[in-house]
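S.K.: from the sequence below, what's the structure:
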Amino acid sequence: MADHWPALALYFPAHIEQAKRLQELVLLLLDDFKPTGLVEDSSMYWRVFFSNSGDRNEANTALNRNQATSTVRSLPINVQDEKWAERSQAELRAVRIGQIVIAPPWDIPVPISKDASTTIRPLTVIIEPSIGFGTGHHASTRLCIHGLQRLDLTARTVLDLGTGSGVLAIVASTLGATRVRGLDRDATAIATAARNLTLNETARNVSFHVSAIQTSSESSADVVVANLTGAFFSSHSARISSFVVPGGYLICSGITKTESPDVLVALEPYLVLVHEQVEDEWVGLIWQRDPVTGRTAATNTIQQPERREALLKT
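M.R.: I've put the predicted structure just below:
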């Protein structure tokens, strides 16, 4: 086993507004090179990890050649000891998101006895922290989990695009979905998701597949959940929307406040916005595909927030 992880040390310019925009561009650019993890040591210094030095070096070259990211200093480094991720997340504890608890194996909630005959067992999803994302501690993950709880998933199929740790797919099954499929272009992420699935005995009818969203042949689903990036939603809005059956829903996050207007414009031709939630600098959106035409209704519900909530859990 390797004794180090190939990574890029990224130094962003000191002007905070410029740095935020650059960080969005960097995330979009690096996505083509299959990064496996990211540590934000500060708002101006990141370490981005890769499964091999080849991907790391190609990513470094792409950053240096791209004029839009030319002010970002990128330095290839090797981080010693393959246990860096476990050490960095060893202090993680269970987090409650609505009625769902996302817990690492060492902090699983103990059932609470209400009285001698009643025991309360919280809906718990166990996720092993790793070099991937999706422990429930990031706002974008929480926004997607809140979104899943706003819908009635009973007897519905769910597709998780960019599944990562598999947490959203496993949550969907825990909430009653009859069939859940998780897609990710990274085989390492799929292996991690499969391992997490074995930790959750109550999650049934869940499968994970190595597949890129742009070229996937997966069939559509009643509910699609996607924790991606705002730039990806803007670039691939038609493709993402095509995974949603008529009358179905798209739950999306990974979108910053500054990206949100562009995402709204990109998805509006295909879907109707029915809910919006903001946490910190992140935005979560729930969209519905028109049950008859498969396209946006004539009246734009983005301008009528009182109509949005009426479409949920009906």
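S.K.: quick one: the helices in the stretch 151-300 of the chain?
M.R.: Assignment of helices within the stretch 151-300 of the chain using DSSP state H, counting those that start in this stretch yields the ranges 167-174, 187-198, 230-235, 237-242, 260-267.
S.K.: to Gln23, which of those lies closest?
M.R.: helix 230-235 (11.0 Å; Cβ to Cβ). Placement of C-beta: from N, CA and C, glycine included.
S.K.: if we can go back for a sec, which of the helices of the stretch 151-300 of the chain sits closest to Asp290?
M.R.: Of all the helices of the stretch 151-300 of the chain, it is helix 237-242 that lies closest to Asp290, at 10.9 Å by Cβ to Cβ.
S.K.: and that closest one, what does it pack against?
M.R.: Helix 237-242 sits against strand 244-256, helix 260-267, with contacts defined as 3 or more Cβ pairs under 8 Å, 6 or more residues apart in numbering; DSSP states H and E.
S.K.: just how off-centre is that helix within its chain?
M.R.: What separates the centre of helix 237-242 from the centre of its chain is 16 Å, taken as Cα atoms, centre = their mean, to the nearest Å.
S.K.: what's in contact with that helix?
M.R.: The contact list for helix 237-242, computed with Cβ atoms under 8 Å, 6 or more residues apart in numbering, reads 161, 213-214, 220, 224, 226, 233, 250, 252, 263, 266-267, 269-271, 287, 289.
S.K.: and if we set it to 7 Å?
M.R.: Around helix 237-242, the neighbours that count as contacts under Cβ atoms under 7 Å, 6 or more residues apart in numbering are Leu161, Ile213, Gln214, Ser220, Ala226, Phe233, Leu250, Ala266, Leu267, Tyr270, Leu271, Arg289.
S.K.: switch the helices of the stretch 151-300 of the chain over to CSV; also include mean neighbour count, mean pLDDT and distance to Gln149.
M.R.: Listed next are the helices of the stretch 151-300 of the chain as CSV, based on neighbours: other Cβ atoms under 10 Å; pLDDT from 0 to 100; distance: least, Cβ to Cβ, whole Å:
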stretch, mean neighbour count, mean pLDDT, distance to Gln149
helix 167-174, 28, 96, 8
helix 187-198, 19, 91, 19
helix 230-235, 21, 90, 21
helix 237-242, 18, 96, 21
helix 260-267, 18, 96, 21
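S.K.: can you tell me which of these is nearest to Phe49?
M.R.: Scanning the helices of the stretch 151-300 of the chain with Cβ to Cβ as the criterion, the closest one proves to be helix 187-198, at 10.8 Å.
S.K.: contact partners of that closest one?
M.R.: Taking contacts as Cβ under 7 Å, 6+ apart, the residues outside helix 187-198 that touch it are 36, 51, 127-128, 130, 132, 163-166, 169-170, 182, 184, 203, 206, 208-210.
S.K.: related to what we said a few turns ago, kindly indicate which of the contacts of helix 237-242 lies nearest Val278.
M.R.: Ranked by distance to Val278 (Cβ to Cβ), these are led by Phe233 at 16.0 Å.
S.K.: nearest residue to the closest one other than its sequence neighbours?
M.R.: Closest residue to Phe233 apart from its sequence neighbours, by Cβ to Cβ, 6 or more residues apart in numbering: Val263 at 4.7 Å.
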